[in-house]
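Engineer: no sequence on this one, just coordinates:
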């Protein structure tokens, strides 16, 4: 995704003040060129990883839903997929590689903005380049860029919003305030965590105003209140509107919170009693202590801009707050959030002799981030695949099954995409499948012999997989086992041709 950065004339009367505004110094096409240049390494890595066949659940889920909408030519068949923004961006070209490519562009755009922001520090170009490379060219960031498009998109939009927000609270740049609020509202459709970020930035408005403006002005309270409203309202409106739509069509305003595949909440932490959640705090503390560049930003701000330490502290604890509340917040996203915050928090015009020390701290943080992501399941498996160059057996089996199912006639395979979304994504089309979004699904579930020729079930179904729950123990009357690959079994009508025999 191209960066949301735009160029706009500033209404500020002072030319010098305009020169300090972030994201105003270049025209939109100049930003775009730099985004594409910074995206090239991520795009190349995404294509290499794609050749190894590794696919995350998030990318498979988004791709399967996009394939369904693309084939049926009906956007409503996706139901209430959350987050919807990544799905809409994948929809024009629904392929498994598309989320990886879009995530790579979002990573390139974010890297460009961080490089753009590092110019404030006044460090020599060499030290700035080494600091940025040490925290970007590491497995944690590469994973986000190529395997976690929704989360990488979230980070990019939050970085854009931060720059405009800073213009708003520091320079009273009204246009930037509206852009910051709108971007925060848009970010809700990429990740629920952005709501906490929007509320935190809104709550910090009065503090930032006092930090950056020494002299009190008339009606200062009303000015702060208006800035709070401009910052928080779009995100709150996005939550209210999405919840209202869920309520109208499903009867539950928070249906999207319980989606089993793309859950907003972490099932383990969400069900944990509040008294037991305090035991997670030492773990959060250890994660923070493993981010030395971020801790250095705290020290430098305490030395040169001590009143910035409080807002920096608030933004730093947001990942811990999100997970304490039971929200889904992956370790790669935690590491990515700390990395972005560490760069953005470095103060202006720091001593040049600190450059080598910051490079060293950035290297340590990159190594620590790598050790953290190895604790998460999918990112650990991804790292093993890219370091060994050997595809997982599950990926090979899914690809083989998808190739077989691609040859089936249209609407001939009964399946439930709550379990089969990875297989649908591997198939590359939703055309052969009858899924819960189709009108004949429940009729086919009751009388499969009348509506479909094949049934796809798994021995490890997800929650609410109606097809596997009913038929996993054996085929219905008139059907026989056509073949098995891994945990998946395909039944066929006795008179239907075998898909496995074609392989």
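Structural biologist: Great, that's in hand. Computed from a predicted structure; not experimentally measured.

Engineer: just for the chain, where's the confidence low?
Structural biologist: Under the criterion pLDDT under 70, the flagged ranges of the chain are 1-22, 24-25, 209-220, 258-263, 502-503.

Engineer: any chance you could map the strands in it?
Structural biologist: Counting by DSSP state E, the chain has strands at residues 413-414, 433-434, 454-458, 479-485, 488-493.

Engineer: and the last one, what other elements does it pack with?
Structural biologist: In this structure, strand 488-493 makes packing contacts with helix 393-405, strand 454-458, strand 479-485, judged by 3 or more CB pairs under 8 Å, 6 or more residues apart in numbering; DSSP states H and E. Quick note: C-beta positions are derived from backbone N, CA and C, even for glycine.

Engineer: And the first one, what's buried?
Structural biologist: In this case it means helix 393-405. 395, 397-399, 401-402, 404-405 (16 or more other CB atoms under 10 Å).

Engineer: can you check the last one too?
Structural biologist: Applying a neighbour-count criterion of 16+ other CB under 10 Å, one finds 479, 482-483, 485 buried in strand 479-485.

Engineer: From the chain's centroid, how far away is it?
Structural biologist: 37 Å (CA atoms, centre = their mean, to the nearest Å).

Engineer: List of residues touching stretch 472-491?
Structural biologist: Outside stretch 472-491, the residues that touch it by CB atoms under 8 Å, 6 or more residues apart in numbering are 393-394, 397-398, 400-401, 404-405, 413, 423, 448-449, 454-461, 471, 492-494, 498-500.

Engineer: List only those of the residues you listed flagged as buried.
Structural biologist: 397-398, 401, 404-405, 413, 423, 448, 454-458, 461, 471, 492-493, 499.

Engineer: if we can go back for a sec, got CSV for the helices and strands packed on strand 488-493, with distance to residue 119 too?
Structural biologist: Shown next, in CSV, are these (distance: least, CB to CB, whole Å):
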stretch, distance to residue 119
helix 393-405, 42
strand 454-458, 52
strand 479-485, 53
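
Engineer: Against residue 124, how distant is residue 350?
Structural biologist: 12 Å (CB to CB, to the nearest Å).

Engineer: So between these two, which is more surrounded?
Structural biologist: residue 350 (20 against 11; other CB atoms under 10 Å).

Engineer: my guess is that one meets residue 299, correct?
Structural biologist: No: taking contacts as CB atoms under 8 Å, residue 350 lies outside contact range of residue 299: 10.7 Å.

Engineer: Among the buried residues of strand 479-485, pick out the one closest to residue 221, please.
Structural biologist: The closest of the buried residues of strand 479-485 to residue 221 turns out to be residue 485 (CB to CB; 66.1 Å).

Engineer: Please name the nearest non-neighbouring residue to the closest one.
Structural biologist: Among residues not flanking residue 485 along the chain, residue 401 sits closest, at 4.6 Å (CB to CB, 6 or more residues apart in numbering).

Engineer: residue contacts, the one you found?
Structural biologist: For residue 401, counting by CB under 8 Å, 6+ apart, the contacting residues are 423, 426, 485-486, 488, 490.

Engineer: give me that answer again for 7 Å
Structural biologist: 423, 426, 485, 488 (CB atoms under 7 Å, 6 or more residues apart in numbering).

Engineer: Could you report the separation of it from residue 434?
Structural biologist: 17 Å.

Engineer: Over to residue 59?
Structural biologist: Taking CB to CB, one finds residue 59 at 24 Å from residue 434.

Engineer: How many residues are close by the nearest residue to residue 191 once chain neighbours are set aside?
Structural biologist: If the residues on either side of it in the chain are set aside, residue 191 comes closest to residue 154, at 3.8 Å by CB to CB, 6+ apart. Close neighbours of residue 154, defined as other CB under 10 Å, add up to 28.

Engineer: before we move on, back to that, of all the strands of the chain, which one is nearest residue 257?
Structural biologist: That would be strand 454-458 among the strands of the chain, by CB to CB, at 25.3 Å.

Engineer: The closest one vs strand 488-493, what angle?
Structural biologist: Interaxial angle of strand 454-458 relative to strand 488-493 (axes from the mean of the first three to the mean of the last three CA atoms, to 10 degrees): 160 degrees.

Engineer: Output the contacting helices and strands for strand 454-458.
Structural biologist: If you count contacts as 3 or more CB pairs under 7 Å, 6 or more residues apart in numbering; DSSP states H and E, strand 454-458 packs onto strand 413-414, helix 417-427, helix 466-471, strand 488-493.

Engineer: To residue 45, which of these lies closest?
Structural biologist: Among those, helix 417-427 sits nearest to residue 45 (CB to CB), with 20.4 Å.

Engineer: Relative to residue 312, how far out is residue 173?
Structural biologist: Applying CB to CB to residue 173 and residue 312 gives a distance of 21 Å.

Engineer: When these two are compared, which one has more neighbours?
Structural biologist: residue 173 (25 against 19).

Engineer: Leaving out the residues flanking it, which one is nearest to that one?
Structural biologist: Nearest to residue 173 is residue 167, by CB to CB, 6+ apart, at 4.2 Å.

Engineer: count of neighbours near the one you found?
Structural biologist: 26.

Engineer: Was I right to think it contacts residue 178?
Structural biologist: No: look at residue 167 against residue 178 with CB atoms under 7 Å: they stay out of range, at 11.0 Å.

Engineer: In stretch 176-187, which residues are buried?
Structural biologist: 176-177, 179-187.

Engineer: what separates that stretch from the chain centre, distance-wise?
Structural biologist: The answer for stretch 176-187 is 18 Å, by CA atoms, centre = their mean.

Engineer: Could you check how many residues crowd around the residue lying closest to residue 357 once chain neighbours are set aside?
Structural biologist: Leaving aside its chain neighbours, residue 357 sits nearest to residue 296 (7.6 Å; criterion: CB to CB, 6+ apart). Using other CB under 10 Å, residue 296 has 21 other residues around it.

Engineer: Can you give me the separation between residue 296 and residue 120?
Structural biologist: 16 Å.

Engineer: Same question for residue 140.
Structural biologist: Residue 140 is 24 Å from residue 120, by CB to CB.

Engineer: between those two, which one's more packed in?
Structural biologist: Between residue 140 and residue 120, counted using other CB under 10 Å, residue 140 has the larger neighbour count: 29 against 15.

Engineer: What are the neighbouring residues in contact with the more buried one?
Structural biologist: Residue 140 touches 332, 335-336, 369-370, 372-373, counting by CB under 7 Å, 6+ apart.

Engineer: Repeat the analysis, applying 10 Å as the threshold.
Structural biologist: Residues in contact with residue 140 (CB atoms under 10 Å, 6 or more residues apart in numbering) are 331-336, 338-339, 365-366, 368-374, 376, 379, 383.

Engineer: same check, this time on residue 429
Structural biologist: Contacts of residue 429 (CB under 10 Å, 6+ apart): 67-68, 70-71, 94, 402, 405-406, 410.

Engineer: how about 7 Å then?
Structural biologist: So residue 429 contacts 67, 71, 406 (CB under 7 Å, 6+ apart).

Engineer: thought the first one was touching residue 94?
Structural biologist: Yes: under the criterion of CB under 7 Å, residue 67 is in contact with residue 94, at a separation of 4.7 Å.

Engineer: Just put the buried residues of stretch 176-187 in a markdown table and tack on distance to residue 204.
Structural biologist: Shown next, in a markdown table, are those (distance: CB to CB, whole Å):
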| residue | distance to residue 204 |
| --- | --- |
| 176 | 16 |
| 177 | 14 |
| 179 | 18 |
| 180 | 12 |
| 181 | 14 |
| 182 | 18 |
| 183 | 16 |
| 184 | 13 |
| 185 | 18 |
| 186 | 20 |
| 187 | 17 |
